[in-house]
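> Here's my sequence, what's the structure:
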Amino acid sequence: MNLGLLYAIAANLIWGLVFLGPIWVPGATPVQITGGRYTFYGFFAVLCLVWVWQRTPPSHAIIRNLKAWRAAAGLALLGNFVYFLCVSAAVQSIGIALPTMIVGMIPVTVPVIACLVARRWPTGWLWLAMTVMAGGIVLANWRPLDGTPSTQGVAFAVAALLCWSAYALLNQRAMRRYAPGQSLLWASLQGAAGLPFGLALFWIAGGTAQPHLAALLPVWIVLGVVCSGIANVLWNLGSARLPSTLLGPMIAFETLSGLACAWAYDGKPWPMTAWLGVMLLLTGVMLAVHGERKPAPPAEAISTS
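Predicted structure coming up:
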């Protein structure tokens, strides 16, 4: 479990960078950012698939499995395209703070959904951990908002929250069904399956003739290769080693990373509320880990179904 924790934490620290993507190039639209990101991710994933095909013959059966490709394509749409389009639209509409707070509730929503799907009630330790994390997320993002947040921006952030909460659980189940122990292969399948969608968005946004191309290229490379390609492999490695109810709390590190990026981008020191929120978030994660290390009821069927 310890190695799984490290993989999941590393993935989420990298994912925190995605909140900066929509504001690195202020004039770019969510479609431009998303299309370029997943085009680069798709090409990177294809290269990884070729490498896996040559190095690990047992993977050939998985790569030829049409059901695995369909599952990968559906997950790519849900957890990559729809999620990031919603995040980009929310950040450009209402800034980083409020979307980070709303999307940051994933560590709370994922364990609850996992327990409900597994038909068991969350343990007392998990409830305590989620309560502490929720308080930490609110405190960590607590700062004055300019005017009234737009309903549209909040709706995009809530949609992103729901998309990734569902993705975290569906991805774990699909990987264990179609590509057990093949974290790199499963991340590459999703990237390759999403390449046509990425190219479609890229050309809708104007292709190579779109404005801000030079400024967008480094953003696409960082978001596509590092935040998608590398971080998704790390996440899958963690997903293969952790129970569903512990995956959610690990996403608190994405919230912390996104918060750190936001404050670094603004060039402002962290207020006391942010430090208190960070301490509460970390405390909640430790409580969740402590609770999951205890003997669990035999209802974790969600991970193997």
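> CA only for contacts and neighbour counts going forward, please
Noted.
> Is residue 270 in a helix, a strand, or coil?
coil (DSSP: H, G, I helix; E, B strand; the rest coil).
> Go through the chain and flag its longest helix.
Longest helix of the chain, by residue count under DSSP state H: helix 151-178.
> What average pLDDT does that helix get?
Across helix 151-178, the average pLDDT comes to 90.
> Which parts of it count as buried, going by neighbours?
153-176, 178 (16 or more other CA atoms under 10 Å).
> what's the answer for stretch 82-101, then?
Neighbour-count burial for stretch 82-101, counted by 16+ other CA under 10 Å, picks out 82-101.
> Same check on stretch 33-47?
Residues 33-46 are the ones in stretch 33-47 that count as buried (16+ other CA under 10 Å).
> quick one: low-confidence ranges for this structure?
1, 122-123, 141-149, 291-305 (pLDDT under 70).
> Residue 125 and residue 287, how far apart?
From residue 125 across to residue 287, the span is 7 Å (CA to CA, to the nearest Å).
> More neighbours: which of these two?
Using other CA atoms under 10 Å as the criterion, residue 125 and residue 287 rank with residue 287 on top: 21 against 17.
> didn't the more buried one look like it was pressed against residue 127?
No: taking contacts as CA atoms under 8 Å, residue 287 lies outside contact range of residue 127: 9.6 Å.
> Could you check how far the closest residue to residue 161 other than its chain neighbours is from residue 73?
Distances taken as CA to CA, 6 or more residues apart in numbering put residue 103 closest to residue 161, at 4.8 Å, once the chain neighbours are dropped. Distance of residue 103 to residue 73, given as CA to CA: 23 Å.
> out of these two, which sits in the more crowded spot?
Neighbours per residue, other CA under 10 Å: of residue 103 and residue 73, the larger number sits with residue 103, 25 against 21.
> so the more buried one makes contact with residue 156?
No: applying CA under 8 Å as the test, residue 103 and residue 156 come out as separate, 9.9 Å apart.
> list the helices and strands the host helix or strand of residue 93 packs on?
Following DSSP states H and E, one finds residue 93 within helix 83-94. The contact analysis (3 or more CA pairs under 8 Å, 6 or more residues apart in numbering; DSSP states H and E) places helix 83-94 against helix 21-24, helix 30-55, helix 97-103, helix 151-178.
> out of the ones you listed, which comes closest to residue 238?
Closest approach to residue 238 among these (CA to CA): helix 151-178, 9.5 Å.
> relative to helix 83-94, how tilted is the closest one?
Computed with axes from the mean of the first three to the mean of the last three CA atoms, to 10 degrees, the direction of helix 151-178 lies at 160 degrees from that of helix 83-94.
> still on that earlier bit, adding distance to residue 275 as columns, could you present the helices and strands packed on helix 83-94 in CSV?
Shown next, in CSV, are the helices and strands packed on helix 83-94 (distance: least, CA to CA, whole Å):
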stretch, distance to residue 275
helix 21-24, 24
helix 30-55, 31
helix 97-103, 15
helix 151-178, 24
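> do you know which of the ones you listed lies nearest residue 114?
The nearest among the helices and strands packed on helix 83-94, by CA to CA, is helix 151-178 at 7.1 Å.
> what packs against the next helix-or-strand element following the closest one?
Later in the chain than helix 151-178, the nearest helix or strand by DSSP H and E is helix 183-204. Here helix 183-204 is seen to pack against helix 30-55, helix 66-76, helix 231-239 when contacts are counted using 3+ CA pairs under 8 Å, 6+ apart.
> Show me what counts as buried in helix 183-204.
183-199, 201-203.
> neighbouring contacts of it?
31-32, 34-39, 41-46, 48-49, 52, 59, 63, 69, 72-73, 75-77, 175, 179, 229, 232-234, 236-237, 240 (CA atoms under 8 Å, 6 or more residues apart in numbering).
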